[in-house]
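*Asks:* what follows is a predicted protein model with its sequence.
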Amino acid sequence: MSIQFEEPLAGSYGVVDSFPKDFGYGVEEGDIEDSPAPSDSKPRILLMGLRRSGKSSIQKVVFHKMSPNETLFLESTNKIYKDDISNSSFVNFQIWDFPGQVDFFDPTFDYEMIFRGTGALIFVIDAQDDYVEALGRLHLTVSRAYRVNPEINFEVFIHKVDGLSDDHKIETQRDIHQRANDDLADASLDKLHLSFYLTSIYDHSIFEAFSKVVQKLIPQLPTLENLLNIFISNSGIEKAFLFDVVSKIYIATDSSPVDMQSYELCCDMIDVVIDVSCIYGLKEDGSGSAYDKESMAIIKLNNTTVLYLKEVTKFLALVCILREESFERKGLIDYNFHCFRKAIHEVFEVGVSVQRLGTLQPTTPSLKALTHNGTPRSTV
Ligand SMILES: Nc1nc2c(ncn2[C@@H]2O[C@H](COP(=O)(O)OP(=O)(O)OP(=O)(O)O)[C@@H](O)[C@H]2O)c(=O)[nH]1
C-alpha cells in the first residue's frame, strides 16, 4: 500500500495526544445544567434510556474521540448534560444526555418544553441486559414526547450488541421491534414510527447509526445527495461520502447502497490523515490545524482501489473510493471536485443567508417538515 499525502508536512514532531480532541471545530465543551434554558433554540437530539445503557459512552465516543475502553470509567450522569455540536453551518445541533432515571412526574422537569424543541429522540436499550423494563420506559417516553411534538424522529438504539452472536442480534432486534410496536398499537399510537439500529461503541455501527439520525435533520440532504451523484457519475468514482471530520459521521452519500466495509475504510482514512497531520503537519510551536484548506490525501491500496480525500469546508471532507483505472483521469476528478466544492459552498451560503433573513430558523418545526430521505412532506 502506498500512501501519498499532499498535506503540507512541517518537520515538527508532535504527540497525537496533544492534539485538542475537538481540534477547533467549534465543538464546545458540554455544560452541565440542572434545567434546560428556554432560550436554547438549536435543534436537539435527546439521548434517553435506562441507567448504564450506554448513553454517555455513545456521546463521548462519537463526538469527543474517547476510546471505547475509556468509557468503562465514566461515572453515572445525574444531571442533564448539554453538548453543543456546532460543527458546521447546517449540522448545528445540541445533544442532551439525560440521566437514566428521568421522572416525568417531577414538576421541575419541564418535559413539554424539552420535547417541543427536539429534532430526534434516541432511546438506548442495553441488549446485553433484560430489556423488559427498558421497553416500558421506551413506551412511556415516546408516547409522552409524541403527544407534545409528533414531528420528533424516534430512534431506538439496540445497544452493546458486540456481546451477541449474529443470530442473537437478529432475534433481539425482531423481539424488541415487535414488542415496542405492539405496545404502541395497544395505546392507539400506530402513527408513531420507531426506527431501530443495532449499535456498539466497539465498531463503526454507532457512527453509522448516528449518521442516519443526523441526516434526517439536514434539510439540504437531497441537494447534497444530488451533487454527490453528479460528481461521481462524471468522475468514474464508485462511492463518495461527505464526512463531518470531527465525528466521522457522514452527512450525505451518493444514492448507491452503503456497505459497511467502504464506510469503515473511509473512516480509517480520516483517522490516518488526521493522525499523521497532527504528528507531522503542525508548526514547530504546536500551532496550526490538523485539518485545513490544504488537506488532501490519496491512498492506493494493493487491490487496485484508490481512496481520495479532500477538504470541502472547515468541517467537511469528501472521501471517495475509486478504481485505479479511473484515477488515471485525476485532472478531470480534480476539476469536477472543484465544481462540487463550489456548489457545496453555495448551498451553505444560501442556508446561512436564508437563516439571516429569518425565513428559516434552525428550529425543529422547519427541520421536521422533512421525510426520512429529506424530501419535504406536508406537516401533520
Ligand atoms: N460492551 C459494551 N459496553 C458498552 C457499550 N457502550 C457502553 N458500554 C458500557 O456501559 C457502561 C455504562 O455506560 P454509560 O455511558 O455510563 O451509561 P449511561 O447510560 O450514560 O448511564 P447513566 O449515566 O447512569 O444514565 C460503561 O461501562 C460502558 O463502558 C457498548 O457498545 N458495548
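*Replies:* Ah, there it is. Residues are numbered from 1 along each chain as shown.

*Asks:* poorly predicted segments of the chain, please.
*Replies:* 1-42, 85-92, 100-105, 107, 350-380 (pLDDT under 70).

*Asks:* buried ones in stretch 180-190, by neighbour count?
*Replies:* 180, 181, 183, 184, 189 (16 or more other CB atoms under 10 Å). Heads up, the C-betas are built off the backbone N, CA and C, glycines and all.

*Asks:* those in strands, which ones?
*Replies:* Here DSSP state E is the test, and the buried residues of stretch 180-190 give no hits in strands at all.

*Asks:* quick check, nearest of the residues you listed to the ligand?
*Replies:* residue 180 (18.5 Å; CB to the nearest ligand atom).

*Asks:* sorry, back to before: narrow the buried residues of stretch 180-190 to those in helices?
*Replies:* 180, 181, 183, 184 (DSSP state H).

*Asks:* surely the second one meets residue 193?
*Replies:* What it means is residue 181. No: using CB atoms under 8 Å as the test, residue 181 is too far from residue 193 to be in contact (9.4 Å).

*Asks:* confirm residue 121 sits in a helix?
*Replies:* No: according to DSSP: H, G, I helix; E, B strand; the rest coil, residue 121 belongs to no helix; its state is strand.

*Asks:* the ligand contacts on the stretch 1-150 of the chain?
*Replies:* 49, 51-57, 71-72, 74, 76-77, 99-100 (CB under 6 Å from any ligand atom).

*Asks:* need the max-distance pair from the residues you listed.
*Replies:* 72 and 99 (18.9 Å; CB to CB).

*Asks:* what ranges do the strands span in the chain?
*Replies:* Using DSSP E, strands in the chain cover 2-5, 31-33, 44-49, 80-86, 92-97, 118-126, 153-159, 194-199, 237-244, 249-253, 296-300, 305-311, 316-323.

*Asks:* out of these, flag the one nearest residue 282.
*Replies:* Per CB to CB, nearest to residue 282 of those: strand 2-5, 14.1 Å.

*Asks:* that older thread, could you dump the ones in helices among the buried residues of stretch 180-190 to TSV with distance to residue 199?
*Replies:* Formatted as TSV, these follow (distance: CB to CB, whole Å):
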residue	distance to residue 199
180	16
181	19
183	21
184	21
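
*Asks:* tell me the residues of the stretch 201-350 of the chain that contact the ligand?
*Replies:* Counting by CB under 6 Å from any ligand atom, the stretch 201-350 of the chain sits next to the ligand at 201, 202.

*Asks:* ok, 8 Å please
*Replies:* Listed as neighbours of the ligand in the stretch 201-350 of the chain under the rule CB under 8 Å from any ligand atom: 201, 202, 206.

*Asks:* and those residues, which of them are buried?
*Replies:* Buried, going by 16+ other CB under 10 Å: 201, 206, out of those.

*Asks:* how about the helices in the stretch 51-200 of the chain?
*Replies:* 55-64, 111-116, 132-148, 166-186 (DSSP state H, counting those that start in this stretch).

*Asks:* tell me which residues of the longest helix belonging to the chain come out buried.
*Replies:* Using DSSP H to define each element, the chain has its longest helix at helix 330-357. Neighbour-count burial for helix 330-357, counted by 16+ other CB under 10 Å, picks out 333, 336, 337, 340, 341, 343, 344, 348, 351, 355.

*Asks:* how about the first one, what does it touch?
*Replies:* By that I understand residue 333. 235, 236, 237, 308, 322, 326, 327 (CB atoms under 8 Å, 6 or more residues apart in numbering).

*Asks:* out of the residues you listed, which one sits closest to residue 83?
*Replies:* Once CB to CB is applied, the member of those that ends up nearest residue 83 is residue 308, at 31.7 Å.

*Asks:* can you get me a residue count around that closest one?
*Replies:* Number of residues near residue 308 (other CB atoms under 10 Å) recorded here: 24.

*Asks:* can you name the residue of the stretch 201-350 of the chain nearest the ligand?
*Replies:* The nearest approach of the stretch 201-350 of the chain to the ligand comes at residue 201, 4.0 Å away (CB to the nearest ligand atom).
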